[in-house]
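K.L.:
A predicted structure for the sequence below; I have some questions about it.
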Amino acid sequence: MFSNSLIEADRRHLIHPVTAWRGHEARGATVLTSGQGMYLTDGDGNRLLDAFAGLWCVNIGYGHESVVEAAAEQMRRLPYATGYFSFASEPAIRLAERLAELSPPGLERVYFSLGGSDAVDSALRFIVNYWNAKGRPTKKQVIALDKGYHGSSSNGAGITGLPAFHRLFDLPHDWQHHIPAPYPYRHAVGSDPQAVIDASVAALKAKVADIGADNVAAFFAEPVQGSAGVIVPPRGWLRAMRGACSELGILLVADEVITGFGRTGPMFACETEDVTPDLMTLAKGLTAGYAPMGAVLMTDEIYAGIADGPDNHLPVGHGATYSGHPVSAAVALAVLDLYEGGILANGIARAPQLAAGLAAITDHPLVGDVRQAGMLAGIELVADKVSKARFDPAVGLPDKLARTGYANGIIFRAFADGTIGLAPAISCDETDMAALIERLTRTLDEVADMAEVRAALR
């Protein structure tokens, strides 16, 4: 009765993110009640292996008492401290210092947000301020990748290259532009790594030439495009785009909201190619989902450009009540301790086991492409392996995948295009990973055996 009343209250009052509202009302919520390690428990007592780390964020797994204690202790001592009027709290200062030490060289300045979406929005505001302060007021246009995801704020959703975030929202704005994703499986130039890299550089240069270099402010990109279905660019792509941005005189913003904090192996995905962006956005793994927090890191050059602008005795008019919240900062510091205390190394050790499990399903009748970057993976399912044709939406493949997975005790992301997204906690052990692969394989087998799916295969 408790669970049923909660579900009815949800139907009546709670608006869920990125959901078909009436469809959700008809389905009803799945209420989660507890979590420990890699596992969640729902209101019916089902124990479920979370292969998606909540929403790409619970990198350390559930139930770490050291993080809980850090939050509780900070709440007892100082539950809130404003960052306005030159006030600060020790956790926020310590966290900014630590992020500057851990991030790619040159990212020395840190602004704290509440999450990824407003980190991107903050970065956009800083970029506008920077170019105005530098006496380049025409540099307002922004370029991003098709299929990229940069949150769902009023401006970030337009940089996002996913139609669902544009529909009926009057987006993208006329100053927001997109170039093709570095998507080897479906790229017009084919899958050759260098061809894909060259095509991206050429597309960026062509778009800048079309808009005018004096009008382009920045290029936004995820090192791995998570919400696109985990599109992993060829090695060398990010470094090439860094070089192109420098040559073109535009800023590079690396959106590491998903890829940061060990998700792809190193602390930050930019490290893989020794790239320092001009600005970097963070969230998710920063607190491992235990508390809301995001961040924008910037170089001293960007900071000084804003700080030394005209009328610099006046406030820079951007801020939020909960920027640098001391409890969230204390949580983040405790999470960083866990990463550096062995969890980061564990994720690197577990990635080959994930790769082996994925390799074993490459020949599965439903699987068209498998891609992986550390503990981040996408499995693209197709109706025809030769033509790479996707399943007709009428088959309802994503819903079949999600429901069958749930019945098999595993949660993953079932994208609308038929791609499965995996982002297991980087703290998972060998047994957890074996269970993930077994349950995922069983789910694929059972979905492939459904009459509607069999009929759609070619």
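P.N.:
Okay, I see it.
K.L.:
how close does the residue positioned nearest the centre of the chain sit to residue 139?
P.N.:
Centroid check for the chain by C-alpha atoms, centre = their mean gives residue 258 as the closest residue, at 2.7 Å. Distance, residue 258 to residue 139, by C-beta to C-beta, to the nearest Å: 28 Å. The C-beta positions use only the backbone N, C-alpha and C, and glycine is treated the same way.
K.L.:
which residues of the stretch 151-300 of the chain fall in strands?
P.N.:
With strands called from DSSP state E, counting those that start in this stretch, the stretch 151-300 of the chain shows them at 176-179, 216-221, 251-255, 279-282, 294-299.
K.L.:
for residue 455, find the nearest of those.
P.N.:
Of all the strands of the stretch 151-300 of the chain, it is strand 176-179 that lies closest to residue 455, at 35.6 Å by C-beta to C-beta.
K.L.:
picking up where we left off before, now do the contacts for the residue nearest to the centre of the chain.
P.N.:
56, 149, 222, 224, 226, 227, 284, 376, 423 (C-beta atoms under 8 Å, 6 or more residues apart in numbering).
K.L.:
I figured residue 42 hits residue 29, correct?
P.N.:
No: using C-beta atoms under 8 Å, residue 42 is not in contact with residue 29, being 10.0 Å away.
K.L.:
where does this protein have low pLDDT?
P.N.:
1-3 (pLDDT under 70).
K.L.:
and it, what are its domains?
P.N.:
2-63+342-456, 66-337 (automatic domain parsing).
K.L.:
tell me which of those domains sits most buried.
P.N.:
domain 66-337 (a mean of 20; mean count of other C-beta atoms under 10 Å).
K.L.:
gap between residue 318 and residue 144?
P.N.:
21 Å.
K.L.:
how about the contacts made by the closest residue to residue 246 other than its chain neighbours?
P.N.:
Nearest residue to residue 246, sequence neighbours excluded (C-beta to C-beta, 6 or more residues apart in numbering): residue 252, at 7.8 Å. Neighbouring residues of residue 252 by C-beta under 8 Å, 6+ apart: 218, 219, 221, 241, 242, 245, 246, 275, 277, 278, 279.
K.L.:
against residue 299, how distant is residue 252?
P.N.:
Taking C-beta to C-beta as the measure, residue 252 falls 10 Å from residue 299.
K.L.:
overlap of the contact sets of the two?
P.N.:
In contact with both residue 252 and residue 299: 278, 279, using C-beta under 8 Å, 6+ apart.
K.L.:
element containing residue 6?
P.N.:
Residue 6 is part of helix 2-13 when elements are defined by DSSP states H and E.
K.L.:
re the thing from before, out of the contacts of residue 258, which sit inside helices?
P.N.:
Judged by DSSP state H, the contacts of residue 258 include residue 56 as members of helices.
K.L.:
and of the contacts of residue 258, the nearest to residue 82?
P.N.:
residue 284 (24.7 Å).
K.L.:
for residue 113, give me phi and psi.
P.N.:
In terms of degrees, to the nearest 10, the main-chain angles of residue 113 are phi -120, psi -170.
K.L.:
pretty sure it contacts residue 125?
P.N.:
No: with contacts counted by C-beta under 8 Å, residue 113 stays clear of residue 125, the gap being 10.9 Å.
K.L.:
so who does residue 294 touch?
P.N.:
Counting by C-beta under 8 Å, 6+ apart, residue 294 has contacts 112-119, 257, 281-283, 286.
K.L.:
could you look up the SS state of residue 400?
P.N.:
helix (DSSP: H, G, I helix; E, B strand; the rest coil).
K.L.:
excluding sequence neighbours, find me the nearest residue to residue 156.
P.N.:
Residue 156 sits nearest to residue 120 (C-beta to C-beta, 6+ apart), 4.0 Å away.
K.L.:
and residue 309, by the same measure?
P.N.:
residue 133 (2.8 Å).
K.L.:
distance of that neighbour relative to residue 307?
P.N.:
Counting by C-beta to C-beta, the gap from residue 133 to residue 307 is 9 Å.
K.L.:
over to residue 35?
P.N.:
42 Å.
K.L.:
picking up where we left off before, for the residue nearest to residue 309, what are phi and psi?
P.N.:
The phi and psi values for residue 133, taken as degrees, to the nearest 10, are phi -60, psi -30.
K.L.:
touching, it and residue 305? I think so.
P.N.:
Yes: between residue 133 and residue 305 a contact is recorded at 5.5 Å, counting by C-beta under 8 Å.
K.L.:
where's residue 400 relative to residue 32, distance?
P.N.:
22 Å.
K.L.:
so for stretch 386-403, first residue to last residue, what's the gap.
P.N.:
The first and last residues of stretch 386-403 sit 28 Å apart, counting by C-alpha to C-alpha, to the nearest Å.
K.L.:
run through who's touching it.
P.N.:
Residues contacting stretch 386-403 (C-beta under 8 Å, 6+ apart): 185-186, 368, 381-383, 412, 414-418, 420, 443, 447, 450, 452-453, 456, 458.
K.L.:
next one: stretch 71-80
P.N.:
Against stretch 71-80 from outside (C-beta under 8 Å, 6+ apart): 89, 91, 290, 291, 325, 326, 327, 329, 330, 331, 334.
K.L.:
fine by me, we can end here.
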